[in-house]
Every structure is written in structure tokens, then in C-alpha cells.
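1. what follows is a predicted structure for the sequence shown.
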Amino acid sequence: MTDRYRVTVDKTACDGIFACLVRDDRLVEADDGLAGFDPEEAVSVERTDDRVTATFEDDRLDAAEGAARACPPSAISVEVEE
């Protein structure tokens, strides 16, 4: 089943531990040394000073949720769009 969902990294909470990268390979180390997204894997990527949000439409929601759970400072959130 294909889901549409948004994954957000709170850059103020991210410590660059990168436990998320092991759970979901669409997350990458960004130029600022924090977690970010491979833009080629996302429908869109939005960046602000405090966060980066990627929208996905695929069957990999479980991987995104696993990355969020693996994040020690809880800097990643996943929101399924209706």
C-alpha cells in the first residue's frame, strides 16, 4: 500500500548521532552535520532554520517510523497525510 506522509527532523534537537540512517537510507548526513534527506527520494523537501521536512509517497512508512523511534533525542517525527 502506498502512503503519503511527512517526516520532519527538528534541527534544534538533532545531535548528529545518526541512528536514524541505519533504519531508513533516505535519511543522510546534511552539510550542517545533522540528519537530512536525500532529495531524490522525496516528493518534496522543505527547509527552515529549525527543521527540515520531506514528503514521501511510497510503501516505506515503516522505515520512517523506525528511524523516528531510533533517534535518541526524539528529533524525528512522522505524520501520515489523510
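-> Received the coordinates, thanks.
2. helices of this structure, residue ranges please.
-> Listed in chain order, the helices of the chain (DSSP state H) span 19-23, 61-70.
3. for residue 77, which of the ones you listed is the nearest?
-> Nearest to residue 77 among the helices of the chain is helix 61-70; the distance by Cβ to Cβ comes to 6.3 Å. For the C-beta atoms, the positions are set from N, CA and C on the backbone; glycine is no exception.
4. counting by contacts, list what the closest one packs against.
-> The criterion is 3 or more Cβ pairs under 8 Å, 6 or more residues apart in numbering; DSSP states H and E, and the helices and strands that helix 61-70 contacts are strand 3-10, helix 19-23, strand 76-80.
5. buried set for the second one?
-> Neighbour counts over helix 19-23 (16 or more other Cβ atoms under 10 Å) mark 19, 20, 23 as buried.
6. now that helix, how far from the chain's geometric center?
-> Relative to its parent chain, helix 19-23 has a centroid offset of 10 Å by Cα atoms, centre = their mean, to the nearest Å.
7. who touches that helix?
-> Under the contact criterion Cβ atoms under 8 Å, 6 or more residues apart in numbering, helix 19-23 has outside partners 27-29, 35, 63, 66-72, 76.
8. what subset of the residues you listed is buried?
-> Buried among the contacts of helix 19-23 (16+ other Cβ under 10 Å): 27, 35, 63, 66, 67, 68, 70, 71, 76.
9. list the contacts for the second one?
-> Each residue near residue 35 by Cβ under 8 Å, 6+ apart is listed here: 9, 14, 16, 18, 20, 21, 27, 28, 29, 71, 75, 76.
10. separation between the first one and residue 62?
-> In this structure, residue 9 and residue 62 are 18 Å apart, going by Cβ to Cβ, to the nearest Å.
11. wait, residue 17 touches residue 75, no?
-> No. Judged on Cβ atoms under 8 Å, residue 17 makes no contact with residue 75 at a distance of 9.1 Å.
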